[in-house]
Each structure stands twice: as C-alpha cells, then as structure tokens.
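Chemist: The following block contains a protein sequence and its predicted model.
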Amino acid sequence: MSRRRLKMRPIREILRYHFDLNLSNKHIGLGLKVSKGSVHNTLCRFKDSGLPWPLPETLSDRELKERLYKAPSKEENPKGLPSIGYIEEELSRPHMTLKLLYEEYRETTISPVSIASFYRYYNQHKTKSVSMKNIHKGGEKLYVDYSGDSIGYIDRSTGESIKTELFVCSWGASSYSYVEVAESQKADEFTMAHVRAFEYFKGVPAALVPDNLKSAVTKVDRYDPIINRIYGEMAEHYGTAVLPARVAKPKDKAVVESNVLHVQRYILARLRNSQFFSLGEVNAAVQILLEEYNSLPMKDYGNQSRRERYLQLDFPFVSNLPVNPFEITRMAVDVPVAPNYHIRFHDHHYSVPHIHARSKVTVYQKGGIIEIYNEDGHLCRHKLGSPNYGYTTDDLHMPESHKHVKGWSPSWLIFKAGEISSEVSTTVKMILESRRHPEQAYNAAMGLIRLSKAYGNDRLTAACCRALYFRSVSYQSVKSILEKGLDKQKWCTDSTFGRTEPVVHENIRGNDYYLEREEAR
C-alpha cells in the first residue's frame, strides 16, 4: 500500500469511478493521475470503514477522513510500538533522544519497524505544540545580548593577551545591528555601550530587551524584576523602558540570538587571524565589517539590506536623541588620601596636591571626568582611569624633589628597610626607582617592609635575596616567595651557579680544540 495519503477530493472521485462508472483500478489511476496501488488502497480502506455507497450527503471531508484513516490513540500500541504517551514522557527526561528510544524498542521487539517508520509514527501522533509568531512593530524594541566568543588583543607593555566581550544589539523589525568590543560585562561598560548604540542608530527604541545579566537586572523576577541602578538611570534619561527577557527563554530575543550567530560568522571569522594591540584597534576593525554586514542583501526580504529595512521600518518610529548624552555619575564621601597623596577610586589611584596627604576628600565622577573636593572646595580633576590599580599623577601635585610628605619619603622608606637588612633596603630602593614617580611606589614599599611582622626579618631578607638574584623585584614577587616558602629552599647563588664537573666524551671537542683554533688564526 502507498504510505502517502490522498486528499479527499481524489478519494471521492476514485469511489465514484469505481462504483458508478465501473472502471478498473488501472483506468481509474490513469484518469486521476494516481498510482494503481493508491486506488487499491483507497478501495480497501473504504470497504473496511463500513460506509455505504453512495455516501451520505451530510458526510463531511473530515468525517470521511477519520473513517478511512483511523489514527491510533496514545493508549494504543500498534505493531508493538511503544505508546505515544510513553515516548513523550521519556523525551522529557534530560539527554534523552528519539533515536535512543528506537534502539531500545528494536532490542526488545522480535520484528521491529524501520527507524523511518518509528519517526513517522511519533511525528503523526505526538501532541501538537502551539507557538505564537512574534510580530515586531517598527521602532518598538531593541534586543540586547553578548556573544560567547569575542576578539582579544595583546597589551604591548606586558605582552599579556587580554580577553574581551562582544556586545550586540538588534532591532526587532529590521534586524539592523550595532556591535562593539568591550573590556567586560560590567554595568558601566554595558550601559555606555547602549549610549554609543543609540548614537549609531540616531534614535532610541520604545523598549530595551536585555538578557538577565547582573549589569541589567539586579534581581531576576518574572513579574517584577529589579533593574540595575545605572542601567535604569540610562533608560530613564533616554525615555525608554527595560523589558528583560524571561529566564531560559531565548525565543524572547530570537532576533539578537540569530544576529549574534551571523556576527560571529561574518565579523569574528574574518578577523580570526588578525592581531591587535589595543581595544581601539579591535573596535576600528569591527566597525568596518559592521558597515558591510548591515549592507548585505537578505534573500528572504527581497534582497533588502538591514540598513534599508531599518530606514523603512524602524527609523520613522524611533524617539529623538536628547540634547545631552547620558553620563554615569558616582559619588564617594570621606575618601582617605594616602601619605603618597593619592586616593583610590574604583580600582584606580588619582593624585591630589601633596599638602592634603592623610586628609579626606569627596569624589564625583561625571562621565569620563573625576572631580575631587574637600571642605574648602574644589581641589583638582582627572580623566577617568581604567580599573587596573594604576596611577594617574599630576606633576603639579608633587612636592619639590619628592620631599618628605607627612611622614613618608623615599629616603625614610629606604632607611626603615635598612633597619631590617641591606637586602631589604636594596629591594625597596629598586621598587621606588621602577615607577615614574616614587610616590606611586610608596604603598608597595611600605607593604614590603610590613611583611617582616608576619614572616620575620630573616625570612624577609632571604626572600629579597631570591627576588634580587632572579631580577623579579616587586612587592607581589617577594610576598609570593614568602607565601610559598621558597625562601626556605636551597637555590644557586653566584658562587655555586654553574659549578659542575666537565663532561668527557669522544664527541665533545673541549676547550683545547678551540684554543688550538685560536692559535692557528
């Protein structure tokens, strides 16, 4: 029998040709352009159904189909096949597949059906799932996500390979996208990436649909999520709403999920063999390919590009950008000024006039500018530094010739280290000389001296000797030596290093050979 079902109209014609016109199966097939087997199959099903001829006028196509093709219920088990209910229950378990269920069925059945028949049986009788097509309105939603893969760069000063994050956002209606590379997924960078995206789009959506990362959602809740403060302030500044996607529901942001994959294949694949030495270089290369990506014609949309669709579908309905872009504002009160006249603010050190060492100040961050005040008023300002524990020092804040500053000075630190041993004093001196301004190394030098309280003078001296010998002079290096107990281990010194007995072998020429060669010259 043919496995393909005929439509109801040809079936009614087959019955009419057979009963009213008395035609053979061959002629019926030729007349209706169906196989002789399909005609035979239909007549057999009609006979088994018990229906009369002519068919009742009230019999609908649906009722005729149900009588001719009786579908087994989930409780039935035709031909030894497992019930649909059992299959669906097993498939709901983790890591279970339909192929594995078929293999188990085949092992326990004497005459199993083929795997194709097994799949067909399940697909015909499984519970039908209903999904809703997500219709996107122009200018309504901008979907936001991070790519799991990104492009790194090499720090020229250290040779270290720096990992990055790839930020992607796409419009619902047009799929027009913005991409940039960031240092991390922290709230600051996540928020400011949106600001740059709005400038790229020259407009603001009615709503943002981010994932549930901490930079966007502080507390995840299906009905009342708590939005990150900075992210929420940005959304309020631009007059847009934040509608986080449901947890583990990627279909809520299917547009950007799809674009992340396309961006990975179009941009990351093309830059896979490129080498970069700064975040700016990476983003410059990404922006060039982003313009190409947004200009690519899409076959499913009449060869229109994402840019063309954006200008047609989304741009006419976006909100205008405000006069001033959003800037992140932070404040820290009673920030102590260290004896090296630097403050620490968000993992970076900034200088203040040295006369204010050991006092307290108030710090404001507005965008990329740091403003520092004390009770008398404004002290200074700096550009926002990277959160790498580095130093930003204004030469005007320094004392002349690095004079004694409220108890700390290079000479005082070297003197204090000399009270422990000459090796510790030499180590401190080298740490101070390693920085552009000695004041930047005050904390490290003081930290090294204070290691004597935890480990004792003898161990600190031995650790400094080891650090000096291996030219690894820093607070972290000496601290690591002490923590790992390397100062207690035996190691080569200049007097013992390389003192081994010479190897005698017929294939080794030895010193005499080279002396003879030199004399011959």
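Modeler: Yes, it's here.

Chemist: Break the chain down into its domains, please.
Modeler: 8-62, 78-125, 141-317, 329-402, 408-521 (automatic domain parsing).

Chemist: just how off-centre is the third one within its chain?
Modeler: Chain-centre distance of domain 141-317: 11 Å, with CA atoms, centre = their mean, to the nearest Å.

Chemist: Can you check the distance spanned by it, start to finish?
Modeler: Distance across domain 141-317, first residue to last, is 11 Å (CA to CA, to the nearest Å).

Chemist: quick revisit: save the domains of the chain as CSV, and put in distance to V323 too.
Modeler: C-beta here means a position set from N, CA and C on the backbone, and glycine is covered the same way. Converted to CSV, the domains of the chain look like this (distance: least, CB to CB, whole Å):
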stretch, distance to V323
domain 8-62, 64
domain 78-125, 54
domain 141-317, 11
domain 329-402, 15
domain 408-521, 40
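
Chemist: Serialize these to a markdown table and add fields for distance to Y69, mean pLDDT and mean neighbour count.
Modeler: Below are the domains of the chain laid out as a markdown table (distance: least, CB to CB, whole Å; pLDDT from 0 to 100; neighbours: other CB atoms under 10 Å):
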| stretch | distance to Y69 | mean pLDDT | mean neighbour count |
| --- | --- | --- | --- |
| domain 8-62 | 7 | 82 | 15 |
| domain 78-125 | 10 | 83 | 13 |
| domain 141-317 | 33 | 87 | 17 |
| domain 329-402 | 68 | 85 | 16 |
| domain 408-521 | 77 | 77 | 15 |
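
Chemist: Which of those domains sits closest to L68?
Modeler: domain 8-62 (4.5 Å; CB to CB).

Chemist: What about K137, how many residues nearby?
Modeler: 12 (other CB atoms under 10 Å).

Chemist: Now do the same contact list for it.
Modeler: When contacts are counted by CB atoms under 8 Å, 6 or more residues apart in numbering, K137 touches G172, A173, F317.

Chemist: And it, how close does it get to S184?
Modeler: Computed as CB to CB, to the nearest Å, the K137 to S184 distance reads 33 Å.

Chemist: now swap in F167 and tell me
Modeler: 11 Å.

Chemist: Just the closest of the contacts of K137 to D487, please.
Modeler: Closest to D487, out of all of the contacts of K137 and judged by CB to CB, is G172, at 62.3 Å.

Chemist: what's the closest non-adjacent residue to the closest one?
Modeler: H136 (3.4 Å; CB to CB, 6 or more residues apart in numbering).

Chemist: for the stretch 201-350 of the chain, what spans make up the helices?
Modeler: Secondary structure of the stretch 201-350 of the chain (DSSP state H, counting those that start in this stretch): helices at 229-238, 254-263, 279-295, 306-309.

Chemist: can you list these in TSV and add distance to R106?
Modeler: Shown next, in TSV, are the helices of the stretch 201-350 of the chain (distance: least, CB to CB, whole Å):
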stretch	distance to R106
helix 229-238	54
helix 254-263	36
helix 279-295	47
helix 306-309	48
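
Chemist: Which one of the ones you listed lies nearest to I370?
Modeler: Nearest of the helices of the stretch 201-350 of the chain (CB to CB): helix 229-238, 16.6 Å.

Chemist: Looking at the helices of the stretch 201-350 of the chain, which is nearest to G447?
Modeler: Here helix 279-295 is closest among the helices of the stretch 201-350 of the chain (CB to CB), at 30.3 Å.

Chemist: helices or strands next to that closest one in the packing?
Modeler: strand 153-154, strand 177-182, helix 306-309 (3 or more CB pairs under 8 Å, 6 or more residues apart in numbering; DSSP states H and E).

Chemist: From the rest of the structure, what touches stretch 63-71?
Modeler: Counting by CB under 8 Å, 6+ apart, R5, M8, I11, R12, T42, R45, F46, S49, L51, L55, Q124, H125 sit against stretch 63-71.

Chemist: let me redo that: stretch 86-93
Modeler: Against stretch 86-93 from outside (CB under 8 Å, 6+ apart): M96, T97, L98, L101, Y122, K126, T127.

Chemist: Now for the second one: which residues touch it?
Modeler: Shown here is T97, whose contacts under the criterion CB under 8 Å, 6+ apart are L91.

Chemist: quick one: it from S117, how far?
Modeler: With CB to CB as the criterion, T97 and S117 are 17 Å apart.

Chemist: One more: the first one?
Modeler: Per CB to CB, M96 is found 20 Å from S117.

Chemist: these two touch, right, L486 and R459?
Modeler: No - here L486 does not reach R459: they are 10.4 Å apart, not a contact under CB atoms under 8 Å.

Chemist: about what we covered before: mind checking which of the contacts of stretch 86-93 are in helices?
Modeler: Among those, the ones falling in helices (DSSP state H) are L98, L101, Y122.

Chemist: residues in contact with the first one?
Modeler: Neighbouring residues of L98 by CB under 8 Å, 6+ apart: I87, L91, F118, Y119, Y122.

Chemist: now those as JSON lines including secondary structure and distance to A454?
Modeler: Output for those, formatted as JSON lines (DSSP: H, G, I helix; E, B strand; the rest coil; distance: CB to CB, whole Å):
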{"residue": "I87", "secondary structure": "helix", "distance to A454": "66"}
{"residue": "L91", "secondary structure": "helix", "distance to A454": "60"}
{"residue": "F118", "secondary structure": "helix", "distance to A454": "70"}
{"residue": "Y119", "secondary structure": "helix", "distance to A454": "69"}
{"residue": "Y122", "secondary structure": "helix", "distance to A454": "68"}
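
Chemist: Tabulate these (TSV), appending distance to P410.
Modeler: Putting the contacts of L98 into TSV (distance: CB to CB, whole Å) gives the following:
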residue	distance to P410
I87	79
L91	73
F118	82
Y119	79
Y122	80
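
Chemist: any idea which of these is closest to Y469?
Modeler: Of the contacts of L98, the one sitting nearest to Y469 (CB to CB) turns out to be L91, at 65.4 Å.

Chemist: Switch the helices and strands packed on helix 279-295 over to TSV; also include distance to E433.
Modeler: Below are the helices and strands packed on helix 279-295 laid out as TSV (distance: least, CB to CB, whole Å):
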stretch	distance to E433
strand 153-154	27
strand 177-182	36
helix 306-309	56
